[in-house]
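1. what would the 3D arrangement of this be:
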Amino acid sequence: MCPLCYLLSLLMIIGTYLKIDAFWNSEQVHQVRRWFGDRGASIFYYAIGGSIMAFGLFLSTQ
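-> Predicted coordinates:
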């Protein structure tokens with residue numbers, strides 16, 4: 001198993017879903033929000049979180 005992958009993906013997904021201030025208003029996320037808007041940034045971060053989760057599941061099957 002890859003607990004670090006699961007932890008990072010959950011942090012990304014939960015931070016996006018709950019719009020946690022420490023995550024959603026950070027400089028890096030704010031830049032992505034300017035590029036794509038709030039909805040686009042949410043989709044972007046859900047995709048990253050899902051990809052990390054899929055990578056962790058892939059590693060756990062090896």
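2. buried set for the longest helix seen in the chain?
-> Across the chain, the longest stretch assigned as helix under DSSP state H is helix 27-60. Neighbour counts over helix 27-60 (16 or more other Cβ atoms under 10 Å) mark 29, 32, 33, 41, 42, 44, 45, 48, 49, 52, 53, 56 as buried. (Glycine included, C-beta is placed from N, CA and C.)
3. wait, which of the residues you listed is closest to residue 16?
-> residue 45 (4.3 Å; Cβ to Cβ).
4. could you measure the closest one against residue 31, distance?
-> Look at residue 45 and residue 31: by Cβ to Cβ, to the nearest Å, they are 12 Å apart.
5. quick one: pLDDT of residue 20?
-> Per-residue pLDDT puts residue 20 at 89.
6. tell me which residues touch it, please.
-> residue 14 (Cβ atoms under 8 Å, 6 or more residues apart in numbering).
7. distance check, it against residue 12.
-> 11 Å.
8. can you check residue 23 too?
-> 8 Å.
9. just to revisit the earlier point, quick one: least confident of the buried residues of helix 27-60?
-> For the buried residues of helix 27-60, the least confident entry is residue 56, with 87.
10. my understanding was that it contacts residue 5; is that so?
-> Yes. Counting by Cβ atoms under 8 Å, residue 56 does reach residue 5; the two are 2.9 Å apart.
11. element containing the residue nearest the centre of the chain?
-> Nearest to the mean C-alpha position of the chain, counting by Cα atoms, centre = their mean, stands residue 12 at 2.8 Å. In this assignment (DSSP states H and E), residue 12 forms part of helix 3-18.
12. which other helices and strands does the helix or strand that that helix is followed by contact?
-> Per DSSP H and E, the first helix or strand lying C-terminal to helix 3-18 is helix 21-24. Here helix 21-24 touches helix 3-18, going by 3 or more Cβ pairs under 8 Å, 6 or more residues apart in numbering; DSSP states H and E.
13. quick one, the helix it packs on and helix 27-60 angle?
-> Computed with axes from the mean of the first three to the mean of the last three Cα atoms, to 10 degrees, the direction of helix 3-18 lies at 140 degrees from that of helix 27-60.
14. all set, thanks.
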